Structures are given as C-alpha cells and as structure tokens.
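Trainee: return atomic coordinates for the entry below.
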Amino acid sequence: LEDVPMGENPLEAVLLETTRNIYAGETGVSRNPERSIRGLIDEMRRFMLSAEGVAASSQQEVLVRTLRTLMTPVLPPFYRIFMGGLVPRHDPGDS
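Mentor: The predicted model follows:
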C-alpha cells in the first residue's frame, strides 16, 4: 500500500490541542513541541515511563479525569445514547 501522510482538519486540530492541554495539566508532563497526534503519543509515553505513571491504575485515573474534563457534564447522556445505545432515565439508580 502507498504511504499516505497523516493529516487533520481544523476541528480535529482544536480538539487535539484541547485534549493535550488537559492531559498535560493532569500529568504535569512537559509538552512536546510537535503539534500532532505524535506529540500527544510522546507525552503519554513519557508519563507512562515516569515514576508516577508506571502503575496502570495511575494511567487509567489520568485518562478518566482527562476524558471527564473534555466531555463536560453535558455530553455523557449523549455519549451513552450514541456510543452505548443506552437512553438515560430520571431514575437515580440508573448507571
């Protein structure tokens, strides 16, 4: 197969930069100057190999906090509908 260069549209670039900012704030890892997904991968790799991030539970906690911040309180009900096929109810025990 022919090697196709990786690219992103402007919306993807904004979402990626926002995600990287949140992730850097959660981990304290210095930012990689590369402005693509490769920069995020490098930052994640450095956290994973750090003393703080070596435990799988630490990596999971950081990722969950990053996604919660990114999604805001408004998006989870929509995420449940489109990704999980679950329709939210007003039942407090609904999870």
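Trainee: in the protein, which helix is the longest?
Mentor: helix 10-27 (DSSP state H).
Trainee: moving C-terminal from it, which element do we reach first?
Mentor: helix 37-48 (DSSP states H and E).
Trainee: so after that next one, what's the next helix or strand?
Mentor: helix 56-71.
Trainee: how many neighbouring residues does Met44 have?
Mentor: When neighbours are counted by other C-beta atoms under 10 Å, Met44 registers 19. Backbone N, C-alpha and C define where each C-beta goes, glycine included.
Trainee: got it, and Met71?
Mentor: Met71, neighbours per other C-beta under 10 Å, totals 12.
Trainee: what's the answer for Val62, then?
Mentor: Around Val62 there are 21 residues (other C-beta under 10 Å).
Trainee: re the thing from before, contacts for the longest helix of the chain, please.
Mentor: 8, 29-31, 35-37, 39-40, 43-44, 47, 52-53, 62, 65-66, 69-70 (C-beta atoms under 8 Å, 6 or more residues apart in numbering).
Trainee: can you rerun that using 10 Å?
Mentor: By C-beta atoms under 10 Å, 6 or more residues apart in numbering, the surrounding residues in contact with helix 10-27 are 7-9, 29-32, 35-37, 39-40, 43-44, 46-48, 50, 52-53, 58-59, 61-70.
Trainee: now swap in stretch 46-57 and tell me
Mentor: Contacts of stretch 46-57 (C-beta under 10 Å, 6+ apart): 23-24, 26-30, 32, 44-45, 58-59, 61-63.
Trainee: just the buried members of the residues you listed?
Mentor: For the contacts of stretch 46-57, a burial check counting by 16 or more other C-beta atoms under 10 Å picks out Tyr23, Ala24, Glu26, Thr27, Val29, Asn32, Met44, Ser58, Gln59, Val62.
Trainee: how close does Leu15 sit to Gly28?
Mentor: 22 Å (C-beta to C-beta, to the nearest Å).
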